[in-house]
Every structure is written in structure tokens, then in C-alpha cells.
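Peer 1: return atomic coordinates for the entry below.
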Amino acid sequence: MKRSIFVAAIATLAAGSALAQSSVSVYGRLNMTVERTAQGGQTVYRLNDNASRLGFRGVEDLGGGLKASFLMEHRFAADTGTAAAPRFWDGESWVGLEGGFGKVRLGYFGPSMAYFTTADYISMHNHDTGTSSDAFYTYSSFPLQNAISYTSPSMGGLVIDAQLGLSENTQAGRKYALSANYVAGPLHLGAAYEQVRAGVPGVKPKEFGLRALYELGDFTVGAYYIRNDGTFGAGTKRDAYRGAVMYTMGPGEVHLNVGRAGDIKGLLGDQSATQLTIGYNHNLSKRTKAYTYYSRVSDDARFYTGKFGTFALGVRHNF
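Peer 2: You can find the predicted model right below:
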């Protein structure tokens, strides 16, 4: 009799423990293009991966409005099956707590929220991946590791993100990122600031960015302005601009994306460059699309990639 009661009690505890477990999901993306690329007088035909990934994420309701969450994302090259970077969890790997106070996360974040607030936000045709990715964004604070991240609750459509990457045993490499995103119906606004302690006296590369996006029926229009200060060496400054337009027609999307990097003040010579991308996406379902694009960088100084042009046909599937 006592044994039966004990077994029943253990079963009840086990059931309660199961209910308290995280809700874990597996997700990922396969994104591949066949491309014809011309650069430096050479033409190359290749199969190209566009930031394919495999991830695990979960959330546990702790009660009282408090939740625990985590995310681990592996990046790999789907064309070769190899890891895309030395870090196995090159996408993100963090654990966090969230509630009425907002969300606190600890871990590795890859690019900072400053990047997602500016360059990534308006790169609509292929999510800023592959050969059509933004050629002028500097990823000032990448990789944002050993990091503490705070996201505020929405305050009338305004969300603030603050991130600190610790340098641990050295002053060099400490990274700061602050961004704000505001959404009011079709209007999306963003501002971002980054600073990196380079370990050289007086050298603290900084980046400041502004972004706006507006949805007008079948049209979506976005643009950013970014100022880099000290990113290319002490005393250097550079302004970069980018505009993007998307027009939807049923399952189809037509994309135009133009970026311009100005001369780098403090360096000799002409470092200005222009990038043009024209693309078409056809959404076969909510998860799968076929697409094509042409992207070209005109850079006579070869400061970025030199003169570069590529034509691509691709398929992307999310799961």
C-alpha cells in the first residue's frame, strides 16, 4: 500500500516536471544560388550558399509573467556541408529572462542590434546575404561575444536595445551598441550607435546610423544613412547611404537596392563606390521562394571589392 502511494507520488512529480520543461523548436533555412560572377577580367560559374542555418530555440513559462528563453544557431555552407565559420554556433547562442521589465540575454549575438536596425532592416530581397549583401556596411562590433543584451518592452511602438561586449582580460575589444526602433503603422524608424575600444590609445571606432522604412500599399520604401568615425584608421570618416524599393504583385516581388559609399576622409585617393542590385522573388509558399538578381559594385579604387558583377538564380526554403 505504501509502495503504491510512493509510486503515485513520483508519477505526479514527473508529470509536473514535464509540464515545466521548455517548449523547444527546431528551425532553419537552406538558401542556395547558381551564379555567374565577373571580377578582375575573370568569369566564374559557381554554386553559392547564402547563410544557411540550423537552430534550436525554446521558452519556458516560469509564472508571474516571467519567462526563460534560449537560442542556439549553427551556420553552415549548404553547397559543401561544412561549417561556415570557426564558431559552431556562429549565428547566435544565448540564454535570457524576460518579463514586464523587458528582456535580458547573455551570450553571443554575432552582429549587434545596430546592424539589424540599419543595414539588415532595408535589405529585403535576400536578407543581406550572399553576393548581393551590403558591400559597404563595416560590421564595426562583429563579433559581439561575451555580451550582455537588454531589450526594453514596447513603449508606444518604441523599443530600445542596449548591448555590451566584455573584453574580459583586456581593455581592447570592449564593444558598446545602442539602438532604437519605432513602429507606427506603416512607418518604421530606427537609430543606432556603436563604439569599439580598439586597444590603441585614442582610437575608438564609432558608427552612427539612421534608418526609415515606409509601407505604401504594394510599395515598400526604405533608406539608411551611416557615419563611420575611426573605422578605417585614426582620424578617418566616411558616410554611406542606401535606398531600397520593393513592389509586390501577388506572389511576386520586384526589388531595387542602391548603395553609395563616399570617400574616406583621412585617406589619400578615391575610395568612393556604388552598389546596384535588381532582383525578383517569387514566393511559391510562405516558406519557399525562387528568386533571381543582378548585383554590381562599381569601385575604381578597388577599396571594397573592385569592379564586381554577379547574376544569380536561387531557391530559399525556411523550416
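Peer 1: residue 193 pairs with what?
Peer 2: Beta-bridge partners for residue 193, by DSSP bridges, are residue 178, residue 208.
Peer 1: which residues sit in contact with it?
Peer 2: Residues near residue 193 by CB atoms under 8 Å, 6 or more residues apart in numbering: 114, 176-179, 206-209. To be clear about C-beta, it is placed using only N, CA and C from the backbone, and glycine gets the same treatment.
Peer 1: nearest to residue 151 among those?
Peer 2: Closest approach between those and residue 151, by CB to CB: residue 179, at 9.8 Å.
Peer 1: just send the contacts of residue 193 back as a markdown table, with pLDDT and distance to residue 145 too.
Peer 2: Below are these laid out as a markdown table (pLDDT from 0 to 100; distance: CB to CB, whole Å):
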| residue | pLDDT | distance to residue 145 |
| --- | --- | --- |
| 114 | 96 | 15 |
| 176 | 95 | 14 |
| 177 | 97 | 13 |
| 178 | 98 | 18 |
| 179 | 98 | 18 |
| 206 | 95 | 20 |
| 207 | 97 | 18 |
| 208 | 97 | 23 |
| 209 | 98 | 21 |
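Peer 1: buried members of those into PyMOL, please.
Peer 2: Only the buried members of the contacts of residue 193 enter the following PyMOL selection, criterion being 16 or more other CB atoms under 10 Å:
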select buried, resi 114+176+177+178+179+206+207+208+209
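Peer 1: just send the contacts of residue 193 back as CSV, with distance to residue 66 too.
Peer 2: Formatted as CSV, the contacts of residue 193 follow (distance: CB to CB, whole Å):
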residue, distance to residue 66
114, 28
176, 27
177, 26
178, 25
179, 25
206, 36
207, 34
208, 35
209, 33
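Peer 1: list the buried residues of the strand or helix carrying residue 160.
Peer 2: Assigned by DSSP states H and E, residue 160 falls within strand 158-165. Counting neighbours by 16+ other CB under 10 Å, one finds that the buried residues in strand 158-165 are 159-163, 165.
Peer 1: that's a strand at residue 285, yeah?
Peer 2: No. Going by DSSP: H, G, I helix; E, B strand; the rest coil, the assignment for residue 285 is coil, not a strand.
Peer 1: all helices in the stretch 1-150 of the chain, in order from the N-terminus.
Peer 2: 2-19, 113-117, 119-122 (DSSP state H, counting those that start in this stretch).
Peer 1: return the member of those having the minimum mean pLDDT.
Peer 2: Among those, helix 2-19 carries the lowest mean pLDDT, a mean of 42.
Peer 1: pLDDT below threshold where in this structure?
Peer 2: Low-confidence segments of the chain (pLDDT under 70): 1-21, 170-172, 199-202.
Peer 1: in it, which strand is the longest?
Peer 2: Counting residues, the longest strand found in the chain (DSSP state E) is strand 23-39.
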